[in-house]
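*Asks:* starting from these lines, generate the structure:
(one chain, ligands or ions: 2)
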Amino acid sequence: MSNLQWKQIHPNIFFVYQDGVGVVHAPLLGKFFSVPAEAMGIVWDYLDSGKPETHYFHQHLVSEGFFEEATMPRIAKDGPFNSREVTISVTSACNLRCIYCYACAGINFCDLPWELIEKSIQQLYVYANERNDTDVELSFHGTGETLVRWQVMVKAVNYAMELLPEDWTISFSLVTNGTLIDDKKAKFLKEHNFSVVLSMDGIEEIQNVLRPKADGTGSFNDVLTGMKALVENEVSFAVRTTVTGLNQDTMLEFLELCASNGCKEISAAPFSATGRGEEGVDDVDPDIFIKNYLSAKKRATELGMTFITPSDCLDNVSLRYCNADGESMAVMPEGIISCCTRVTKKSDPLVDVFVIGQVTEDGVEIDQDQVEKLKGLNLLNYPECQDCFVKYTCSGGCHHTRFLNGGHQPASYCKIMRAVVWNTLKNASFKA
Ligand code: SF4
Ligand code: SF4
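*Replies:* Ligands and ions are numbered 1, 2, ... in the order given. Predicted coordinates:
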């Protein structure tokens, strides 16, 4: 297989090619078409002759609407801080000791006091009123494992429901290691229509090495029990798997395992070193990731499942990778408010970048100057991304990873994103 290459025809039109075939793609318009081997010469003639408007190929692009004005996706909003979603990290305690944990969870136990949880939930409604909005979202996410403090989460859900005005809607979500979910908990999650992300990294021997319990024994049987409880109670969930050098070869087996237990969706993201992961977890090899990811994705389609890595979606164009550009409110166990769910404590190396305030017994305090500094975290400010053909689907990647890598994404990340998006583009356009 030869190198994947591309040319930018126009700011929103790319010609991407490999192994003698190509695709013309206008990502912001959602338009693309295939260029089979016998037509490649026409495109080269157009490009080599300086893209004249009189050229047959240019006229074809015009007639197909490729030069229509595209709506540019938004960047962070102007004005005072406001978040549609509040994430609460009730504890840094965790029953697992995952070897790459970004939060080094389970070392220093700290619980978010109930009074601060109340203030945070009240603020969710304050922000909604300021927006004239009647939809709110409340999420529960590490630092540690939320279900270690199950009763606190239940109390927070009930409190949020008590405050919910008539005719408003609230959505709940939970990121969990899954090992503490039983039938009773799954019923509660179903009753409140939770959307669950279940972190799990592989088949038994992989899961037990990457995600051991605090006592050193494996967590595989427990997480499988949790998954089955979610399936039996019809809770909406997706598995999130972090791919390292240790599990990059077993994606297909993991997919089959999840399929045989009723899971319908897996999101697989390449590992990025932070927290405990800086201490020597084998990094992913991009070529192995790409090969095994594409095999698993193909097999998932046959099984009626979804197997996807973030950004491998042609429909989801954005200039913003996530809401960490000053539009996210994650309340951490120490009471700090972080825009990035990976920055969890005052001693974090990126605390000065992502922490925008704190919750106290008097209420929520936001440092608007900190918020303003984050608003520039978008694709428009990443020079190396400007000519990249996946820029509107990749959106420049995770800001946290970028900061830890000196302002750039690791080359292996870009290689993976381009290869998987090219595969999706090629399949879609040659099928179309
Ligand atoms: S910056 Fe990265 S780690 Fe932080 S919230 Fe966004 S995607 Fe997650
Ligand atoms: S981060 Fe890499 S893959 Fe993503 S748009 Fe920028 S250059 Fe392209």
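*Asks:* quick one: the helices in the chain?
*Replies:* 40-48, 56-63, 114-131, 150-163, 183-191, 204-210, 220-232, 251-260, 286-303, 351-354, 368-374, 391-394, 399-404, 411-431 (DSSP state H).
*Asks:* buried deepest among these, which one?
*Replies:* helix 391-394 (a mean of 23; mean count of other CB atoms under 10 Å). The C-beta positions use only the backbone N, C-alpha and C, and glycine is treated the same way.
*Asks:* can you name the residue of the stretch 1-150 of the chain nearest ligand 2?
*Replies:* Minimum separation of the stretch 1-150 of the chain from ligand 2 (CB to the nearest ligand atom) falls at Trp6, amounting to 10.4 Å.
*Asks:* which pLDDT value goes with the closest residue to Asn261 other than its chain neighbours?
*Replies:* Once flanking residues are discounted, Asn261 sits nearest to Met227: 5.6 Å by CB to CB, 6 or more residues apart in numbering. According to the prediction, Met227 has pLDDT 98.
*Asks:* so how far is Ile203 from Met227?
*Replies:* Met227 sits 13 Å away from Ile203 when distances are taken as CB to CB, to the nearest Å.
*Asks:* one more: Leu314?
*Replies:* Distance of Leu314 to Ile203, given as CB to CB: 31 Å.
*Asks:* list the buried residues for stretch 382-392?
*Replies:* Neighbour counts using 16 or more other CB atoms under 10 Å place 382, 385, 388-392 of stretch 382-392 among the buried residues.
*Asks:* which of these sits closest to Gly407?
*Replies:* Of all those, Gly407 sits closest to Tyr382, with 8.4 Å by CB to CB.
*Asks:* residues from the stretch 201-350 of the chain in reach of ligand 1?
*Replies:* Within the stretch 201-350 of the chain, the residues that sit near ligand 1 (CB under 6 Å from any ligand atom) are 321-322, 324, 340-342.
*Asks:* could you pull out the strands for the stretch 1-150 of the chain?
*Replies:* When assigned using DSSP state E, counting those that start in this stretch, the strands of the stretch 1-150 of the chain occupy the ranges 5-10, 13-18, 21-26, 31-35, 85-88, 135-140.
*Asks:* among those, which is nearest Arg299?
*Replies:* strand 13-18 (22.5 Å).
*Asks:* just the angle for the closest one relative to helix 40-48, thanks.
*Replies:* Here strand 13-18 runs at an angle of 130 degrees relative to helix 40-48 (axes from the mean of the first three to the mean of the last three CA atoms, to 10 degrees).
*Asks:* now strand 13-18: average pLDDT?
*Replies:* Computed over strand 13-18, the mean pLDDT rounds to 98.
*Asks:* contacts for that strand?
*Replies:* Strand 13-18 has contacts (CB atoms under 8 Å, 6 or more residues apart in numbering) with 1-9, 22-27, 35, 40, 43, 47, 61, 66-67, 389, 422, 425.
*Asks:* what about the strands in the stretch 251-400 of the chain?
*Replies:* 265-270, 306-308, 329-331, 336-338, 355-360, 363-366.
*Asks:* run the angle between the fifth one and helix 114-131 for me.
*Replies:* The reference is to strand 355-360. Using the same axes, to 10 degrees, strand 355-360 lies at 120 degrees relative to helix 114-131.
*Asks:* same thing with the first one?
*Replies:* Interaxial angle of strand 265-270 relative to helix 114-131 (the same axes, to 10 degrees): 100 degrees.
*Asks:* and strand 265-270, what does it pack onto?
*Replies:* Secondary-structure packing of strand 265-270 (3 or more CB pairs under 8 Å, 6 or more residues apart in numbering; DSSP states H and E): strand 236-243, helix 251-260, helix 286-303, strand 306-308, helix 411-431.
*Asks:* quick one: mean pLDDT for the third one?
*Replies:* Computed over helix 286-303, the mean pLDDT rounds to 97.
*Asks:* so how far is it from its chain's centroid?
*Replies:* Remark: helix 286-303 is offset 18 Å from the chain centroid, using CA atoms, centre = their mean, to the nearest Å.
*Asks:* flag the shaky bits of the stretch 51-200 of the chain, pLDDT-wise.
*Replies:* 102-107 (pLDDT under 70).
*Asks:* what would the residues of the stretch 201-350 of the chain next to ligand 1 look like in a markdown table with distance to ligand 2 and neighbour count?
*Replies:* Listed next are these as a markdown table, based on distance: CB to the nearest ligand atom, whole Å; neighbours: other CB atoms under 10 Å:
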| residue | distance to ligand 2 | neighbour count |
| --- | --- | --- |
| Tyr321 | 9 | 21 |
| Cys322 | 13 | 18 |
| Ala324 | 15 | 23 |
| Cys340 | 17 | 24 |
| Thr341 | 20 | 23 |
| Arg342 | 17 | 22 |
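*Asks:* just those now: which is nearest Gly396?
*Replies:* Tyr321 (5.8 Å).
*Asks:* tell me the contacts of the closest one?
*Replies:* Here Tyr321 is in contact with 377, 394-399 (criterion: CB under 8 Å, 6+ apart).
*Asks:* could you measure from the nearest residue to it once chain neighbours are set aside over to Leu377?
*Replies:* Closest residue to Tyr321 in three dimensions, ignoring its sequence neighbours and counting by CB to CB, 6+ apart: Ser395, at 4.3 Å. Remark: distance between Ser395 and Leu377 (CB to CB) = 10 Å.
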